[in-house]
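Q: missing the sequence, but the structure's below:
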């Protein structure tokens, strides 16, 4: 019995030492080269926003031609399926395809092709922020990227699928298609507008209406028609208000002792006595659920934001050259504003 017990002890010690030896020599370790495959379940897309600057003819009708395509992947877009879709095999493939892109593809002096911003959790569960921008052409894996995005969005897109088109549109053609030339001041060319506003690529034409308005504002020197911190209203009266409105509006719709509402070339205008500005503001604050005058950094009254239930408006405030009357309107057509004065 004693010899048997001794043999069992020797056997146990031998097994223990063998296991320790194998452990120290790396037996049974995961191959470092395959770690990403084995831990790919940790990969998860958080969100993605992509814009593609190409011709898209969804309806095969030039009148409905689009010159951009975009897609969003986030919890709002994908709703209750967000978790499963963003950790799916397709989402993981998409992460790999996107990561294979250089941060900047092509020559930045060429027309922009795409811009992608996305976030994901890597194999170490670290949050990664990425941005990829392409110029002049598209990479070889572009169709796979588009396919993965559309598969994830299938059934959840609020418009058209992301386009497979790779026909990049020159920014000047985009501006022509948008009708910008008709909105510029007289004798100003589209090239001059692009140069002075710094528009080089289609990615630069965000808030295009604001850029056009600001260009015309500077060109016509509308700063002379803004209320400043030093502005002092000139005394006026109802008769002068009526005369000014009749000389500047095409028709008058309503009037009170300190303001007249009418239209000029199909746009609504309100003429307000500057010396009764406080009365007008008090009335507007009572009338609208939200009423705010927006000032710039020099305390110049620039715009008005007002809203009633389900309706929001952004208005412009101008003052006539005599400082007697304020002109309030939604009109952003600088040529029309210039004609008004």
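A: All right, it came through fine. Computed from a predicted structure; not experimentally measured. Numbers count the residues shown, from 1 in each chain.
Q: ranges for the helices of the stretch 51-200 of the chain?
A: 75-78, 82-86, 89-99, 142-153, 171-177, 190-197 (DSSP state H, counting those that start in this stretch).
Q: of those, which is nearest residue 205?
A: helix 171-177 (6.7 Å; Cβ to Cβ). Bear in mind the C-beta positions are built from the backbone N, C-alpha and C, glycine included.
Q: buried residues in the closest one?
A: Neighbour-count burial for helix 171-177, counted by 16 or more other Cβ atoms under 10 Å, picks out 171, 174-175.
Q: between those residues, which is nearest residue 69?
A: Nearest to residue 69 among the buried residues of helix 171-177: residue 174, at 12.9 Å, using Cβ to Cβ.
Q: residues contacting the closest one?
A: Counting by Cβ atoms under 8 Å, 6 or more residues apart in numbering, residue 174 makes contact with 53, 67, 202, 205.
Q: need phi/psi at the first one.
A: Note on residue 53: its backbone torsions stand at phi -100, psi 80 [degrees, to the nearest 10].
Q: heads up, I number from 652, so please use that
A: All right, first residue 652 from here; so that's residue 704.
Q: contact partners of stretch 865-883?
A: By Cβ under 8 Å, 6+ apart, the residues outside stretch 865-883 that reach it are 834-836, 839, 844, 847-848, 925, 949-953, 968-972, 974, 977-978, 985-986, 988-989, 992.
Q: rounded mean pLDDT for it, please.
A: What stretch 865-883 shows for mean pLDDT is 84.
Q: what's the answer for stretch 893-908, then?
A: 91.
Q: got it, and stretch 807-827?
A: Across stretch 807-827, the average pLDDT comes to 84.
Q: how about the strands in the stretch 802-951 of the chain?
A: Ranges of strands in the stretch 802-951 of the chain, per DSSP state E, counting those that start in this stretch, are 902-906, 910-915, 918-924, 941-946.
Q: of all these, which lies closest to residue 732?
A: When the strands of the stretch 802-951 of the chain are compared by Cβ to Cβ, strand 941-946 sits nearest residue 732, at 35.9 Å.
Q: so which elements touch that closest one?
A: helix 928-938, strand 952-959 (3 or more Cβ pairs under 8 Å, 6 or more residues apart in numbering; DSSP states H and E).
Q: rank those by pLDDT, which is bottom?
A: For the helices and strands packed on strand 941-946, the bottom mean pLDDT is recorded on strand 952-959, which sits at a mean of 56.
Q: returning to that earlier point: hmm, which of the contacts of residue 825 is lowest in pLDDT?
A: Ranking the contacts of residue 825 by pLDDT puts residue 718 at the bottom, with 70.
Q: isn't that one up against residue 820?
A: Yes: between residue 718 and residue 820 there is a contact at 4.8 Å, judged by Cβ atoms under 8 Å.
Q: between the two, what contacts are shared?
A: 704-706, 853.
Q: would you list those residues in JSON lines and tack on distance to residue 805 and neighbour count?
A: What follows is these, written out as JSON lines (distance: Cβ to Cβ, whole Å; neighbours: other Cβ atoms under 10 Å):
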{"residue": "704", "distance to residue 805": "24", "neighbour count": "24"}
{"residue": "705", "distance to residue 805": "21", "neighbour count": "20"}
{"residue": "706", "distance to residue 805": "23", "neighbour count": "19"}
{"residue": "853", "distance to residue 805": "27", "neighbour count": "25"}
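Q: highest average neighbour count across the strands of the stretch 802-951 of the chain?
A: strand 918-924 (a mean of 21; mean count of other Cβ atoms under 10 Å).
Q: what distance separates the start and the end of stretch 866-875?
A: Its first and final residues considered, stretch 866-875 spans 15 Å by Cα to Cα, to the nearest Å.
Q: related to what we said a few turns ago, as JSON lines, the strands of the stretch 802-951 of the chain with distance to residue 728 would be great.
A: Below are the strands of the stretch 802-951 of the chain laid out as JSON lines (distance: least, Cβ to Cβ, whole Å):
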{"stretch": "strand 902-906", "distance to residue 728": "43"}
{"stretch": "strand 910-915", "distance to residue 728": "41"}
{"stretch": "strand 918-924", "distance to residue 728": "37"}
{"stretch": "strand 941-946", "distance to residue 728": "29"}
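Q: and those strands, which one's lowest on average pLDDT?
A: Looking at the strands of the stretch 802-951 of the chain, the bottom one is strand 941-946 with a mean of 74.
Q: partners of that one, with directions?
A: Partners of strand 941-946 in the sheet, by DSSP bridges, are strand 952-959 (antiparallel).
Q: count the residues that sit near residue 897.
A: Per other Cβ atoms under 10 Å, the neighbour tally for residue 897 reads 12.
Q: find the nearest non-adjacent residue to it, please.
A: Sequence neighbours aside, residue 903 is the residue nearest to residue 897 in space, at 7.3 Å (criterion: Cβ to Cβ, 6 or more residues apart in numbering).
Q: show me what contacts the one you found?
A: Going by Cβ under 8 Å, 6+ apart, the list of residues near residue 903 reads 896-897, 911-913.
Q: again, only this time at 6 Å
A: 896, 911, 913 (Cβ atoms under 6 Å, 6 or more residues apart in numbering).
Q: with residue 985 instead?
A: The contact partners of residue 985, by Cβ under 6 Å, 6+ apart, come to 867, 871.
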